[in-house]
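Peer 1: Just need the structure, nothing else, for what follows:
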Amino acid sequence: DILVDGKVCDCDVVVTCQVGDPVPLQVKLTNWSKHSVGPFALTMMPYQDYQNGVHNYDLQDAITFVGSNTFYIDTVKPTKDSVYFGSLLFLYTGDFYLNIKFHEDNCSRELPLSWLCLPSVHIRATEPVT
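Peer 2: Take a look at the predicted model:
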């Protein structure tokens, strides 16, 4: 589950926020399997989609994270959740997207790391209302 500014997000919803206001993010990983899972790393990567196949991930002048954009998850037991909180601060107006990826963080494995990518979250940053 992904919440942006307290609202549940899915890939069909555009979340609107104001430039200069921190936007709270919440990502909840629920383990529906019969076995414990982990360790994982959760990474959030903002980007702009130029609608021509190009994604711009070089946004350090437009967006900043309040805190870290990567969280480490040790183990999630069966039927339990792990919830992570962060915030984004938009410095300019525009349409932005947020890639959220989980990947195995176990270096003792011989297999390649596996990734789980959630649908991108669409966030529109608008001018503050005065």
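
Peer 1: ok, Gln18 to Val129 distance?
Peer 2: With distances taken as C-beta to C-beta, to the nearest Å, Gln18 is found 7 Å from Val129. C-beta: built from backbone N, CA, C; applies to glycine.

Peer 1: Between those two, tell me which one has more neighbours.
Peer 2: For Gln18 versus Val129, neighbours defined as other C-beta atoms under 10 Å are more numerous around Gln18 (14 against 5).

Peer 1: what secondary structure does the closest residue to the more buried one other than its chain neighbours sit in?
Peer 2: Once flanking residues are discounted, Gln18 sits nearest to Pro128: 4.7 Å by C-beta to C-beta, 6 or more residues apart in numbering. The three-state label for Pro128, taken from DSSP: H, G, I helix; E, B strand; the rest coil, comes out as coil.

Peer 1: Pro128: neighbour count?
Peer 2: Residues near Pro128, counting by other C-beta under 10 Å, number 10.

Peer 1: Could you check the pLDDT of it?
Peer 2: Reported pLDDT at Pro128 in the predicted model: 84.

Peer 1: Look up phi and psi at it.
Peer 2: Backbone geometry at Pro128, expressed as degrees, to the nearest 10, gives phi -60, psi 140.

Peer 1: Could you pull up the contacting residues of it?
Peer 2: By C-beta atoms under 8 Å, 6 or more residues apart in numbering, Pro128 lies in contact with 18-21.

Peer 1: Mind picking the one among the residues you listed that's closest to Phe90?
Peer 2: Phe90 lies nearest to Val19 out of the contacts of Pro128, by C-beta to C-beta, at 5.1 Å.

Peer 1: In this structure the closest one contacts Leu88, no?
Peer 2: No - using C-beta atoms under 8 Å, Val19 makes no contact with Leu88, being 11.2 Å away.
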